[in-house]
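Q: Okay, sequence plus prediction incoming.
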Amino acid sequence: MAEIEFQDVTKRYPDGFEAVKHFNLDVPDGELMILVGPSGCGKSTALRMVAGLEDISDGELKIGGTVVNDRAPKDRDIAMVFQNYALYPHMTVRDNMGFALKLAKVPDEEINQKVSEAARVLDLEQHLDRKPANLSGGQRQRVAMGRAIVRNPSVFLMDEPLSNLDAKLRVQMRTEISRIQQRMNTTTIYVTHDQTEAMTLGDRIAVMRAGLLQQVGPPSELYAHPKNLFVAGFIGSPSMNFLTGELEADRVRLPIGEVALPQELQQKLGAGPGGGRRGVIVGLRPEDFEDASLVGDRSRGTTFRAKIDVLESMGAEYYAYFVVESERVSSAELEELAQDAGAADLPHSHEGSQVVARLDAASKVRQGEELELWFNSWHLHLFDADSGQSLLADGSDREQAAPAPPASS
Amino acid sequence: MSQRAKQRSGWSAALVVVVIASLVPVVWIVMLSLKTPTTVTDGSFIPHQWTLSNYKDIFNAGVFTSALRNSIGIALISTALAVLLASAAAYAIARLDFPGKRIILAVSLAVAMFPQVSLVGPLYNLWRQIGLYDTWPGLIIPYMTFALPLSIYTLSAFFREIPWELEQAAQVDGATPAQAFRKVIAPLATPGIATTFIIVFIICWNDFIFAISLTSTTKAETVPAAIALFPGVSQFTQPIGDIAAAAVVVTVPVMLLVILFQRRIVAGLTAGAVKG
């Protein structure tokens, strides 16, 4: 059991590239902390610094209150699950799981007992004498987990442990990991690039970008109050829609119409945008849209009409895509997100921004037809057009006036 | 005949040709070794009179048995030392990033290219002066030296294929770097080590230049040198039968080694380390 503290930790490579910059993060004992971000954001590097597989260039890393910067991996009492599992191919499952104990000179009897117990938990009992090559992907993943848990270390480190599994197995193992972590109550750092995994698994999430920590908080907070465009675009699926808008005293002028800002949002905006007009980027979550005909009380939002280009039926809901004529939102942060998702190469519609709305399955919406849509203006997100910082998340008041919708999975 | 079957039979035919081409000389020398001294030069492929007297001769002569002992000892020791040293060097080259890595590799390759024959003269003089002439170390040292570059090359290729994550996993599991190498990396590199071992062993086993130049008596003379110096039964007979018999006998250890290690050489041991 141990607390992990990053204190101004920096990783600088010999060529001068900084993979992690002045990283400060506190992972209390027993917490499952998720490090999430697009590839190359430094999350794996941060994890490997905890493991001792990467040197720390600057700053201090503490595990359980002790500075471990110069400790070898073996002296840190950690267990790590690698993305490719890194099972020892020449050893049986039993030997793989018992390897660490054997190195620690634990008596054979005790090793056997611990391995059997872990195998029972992970449903690997009948595979103990097989070699990793003869196991399926899911079984290998479980062996990798088993290797970590038999040791009962003070810290678990997981580096995208599920990314090599197929979608169905991934969901299954996700719950499994969550169960194991809760039962063992071991401090865990879990690295992933999958926001769904982050949202469903973590006690808290730390979003990283280009070596910098963007925001740390429980999933619901990151979802409801993203601090900047990057976090807003990263968390949530389908991701948040962004439109350019103009902020004016108590209203925002959007390409889809003018929206009166609710009192609450106005308060959050602070002393008031006395400076008159101001360009902003407005974020709208797909789930904050609805088919206007299904909304009883439209007063909390705004209605507008749009021609639905593409309609995807998910069974329980529709994803309706339409184009809003407007200047395209340009932001380095969003570009990076798009690039990571592989969407940067997709042809952009020339007329404007594509918006996706998540509509109830009861909607009578048809592809290619015009529809009256409503969106909840209480859930508007406003970002500074230049800095990308949220104009609402001031951090001081975190009241949950409007409970966040459940995270998608 | 289908396209596939045609292709198969084509390959089979090619295979048969290659096998015959490489086996005929071997069978030939076996046949020669089974002929009596008087019929050795009669030109027939199959001996008219079968005999094992050549084999008896060479084992009775004493020169050959001591040469065989020298050969086995010297080749095994040189190979073991070369592979041991090369493993360490190759591991460093595969894993570490240090300045001059490429130069070291290039230089070691240059050593391998170096014409050995040009070294024999100086070595002969040097060995005589420091007392290594006609001793086991006198052969082991040059064998090992010339085997190292090739071993480093092949081994570093094998080490590079072993996922680095495995070693990191071992470190996280509590292994010291030495333990990680011994318990994880080395077992996985066995196919590579075995392959290198065989290649180096064959080179040492077959060497003629050093053997003939740096030895003079049964103390250290190896088989290739001994065969070349076989005396005939009389001054008018060529010891062809004896030479053939000796040649057959010296191929046996090599064949045994290859058969012994064949299963290990077949790669695929690392399968399953990463997602398959």
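A: That came through fine.

Q: from here on, contacts and neighbour counts on C-alpha atoms
A: Fine.

Q: Pull out the buried positions in the lowest-mean-pLDDT helix or strand in chain A.
A: Least confident helix or strand of chain A, by mean pLDDT, DSSP states H and E, is helix A:332-340 with a mean of 74. The neighbour-count check on helix A:332-340 (16 or more other CA atoms under 10 Å in any protein chain shown) flags A:333-334, A:336-338 as buried.

Q: same question, stretch A:369-381
A: A:371, A:373-381.

Q: Run through the neighbouring helices and strands of the helix of greatest length in chain B.
A: Using DSSP state H, we find that the single longest helix of chain B is helix B:63-95. Packing partners of helix B:63-95 (3 or more CA pairs under 8 Å, 6 or more residues apart in numbering or on different chains; DSSP states H and E): helix B:53-61, helix B:136-161, helix B:190-206, helix B:223-228.

Q: quick one: that helix to chain centroid distance?
A: The chain centroid and the centroid of helix B:63-95 are separated by 9 Å under CA atoms, centre = their mean, to the nearest Å.

Q: now the angle from that helix to helix B:136-161?
A: Interaxial angle of helix B:63-95 relative to helix B:136-161 (axes from the mean of the first three to the mean of the last three CA atoms, to 10 degrees): 40 degrees.

Q: How many neighbouring residues does residue A:107 have?
A: 10 (other CA atoms under 10 Å in any protein chain shown).

Q: Check it and give its pLDDT.
A: You'll see residue A:107 listed with a pLDDT of 92.

Q: Look up how far residue A:301 lies from it.
A: 67 Å (CA to CA, to the nearest Å).

Q: domain parsing for chain A?
A: A:4-224, A:229-384 (automatic domain parsing).

Q: Comparing those domains, which comes out most buried?
A: Ranked by mean neighbour count under mean count of other CA atoms under 10 Å in any protein chain shown, the domains of chain A are led by domain A:4-224, which reaches a mean of 20.

Q: before we move on, back to that, indicate which one of the helices and strands packed on helix B:63-95 is closest to chain A.
A: Ranking the helices and strands packed on helix B:63-95 by proximity to chain A (CA to the nearest CA) places helix B:190-206 first, at 10.4 Å.

Q: now what about the closest one, what contacts it?
A: B:71-72, B:74-76, B:78-80, B:82-83, B:87, B:143, B:147, B:151, B:154-155, B:158, B:224, B:254, B:257-258, B:261, B:264-267, B:269 (CA atoms under 8 Å, 6 or more residues apart in numbering or on different chains).

Q: Quick one: buried ones out of those residues?
A: Using 16+ other CA under 10 Å, the buried members of the contacts of helix B:190-206 are B:71-72, B:74-76, B:78-80, B:82-83, B:87, B:143, B:147, B:151, B:154-155, B:158, B:224, B:254, B:258, B:261, B:264-265, B:269.

Q: Tell me which residue of the stretch 101-250 of chain B lies closest to chain A.
A: Counting by CA to the nearest CA, the stretch 101-250 of chain B gets nearest chain A through residue B:174, at 3.9 Å.

Q: and that residue, what is it in contact with?
A: A:73-75, A:100, A:103-104.

Q: With residue B:133 instead?
A: B:124, B:127, B:214-215.

Q: who wins for neighbours among these?
A: Taking other CA under 10 Å as the neighbour criterion, residue B:214 ranks highest of the contacts of residue B:133 with 25 neighbours.

Q: per-residue confidence for that one?
A: Taking residue B:214 on its own, its pLDDT is 90.

Q: Got phi/psi on it?
A: Backbone torsions for residue B:214, taken as degrees, to the nearest 10, come to phi -100, psi 0.
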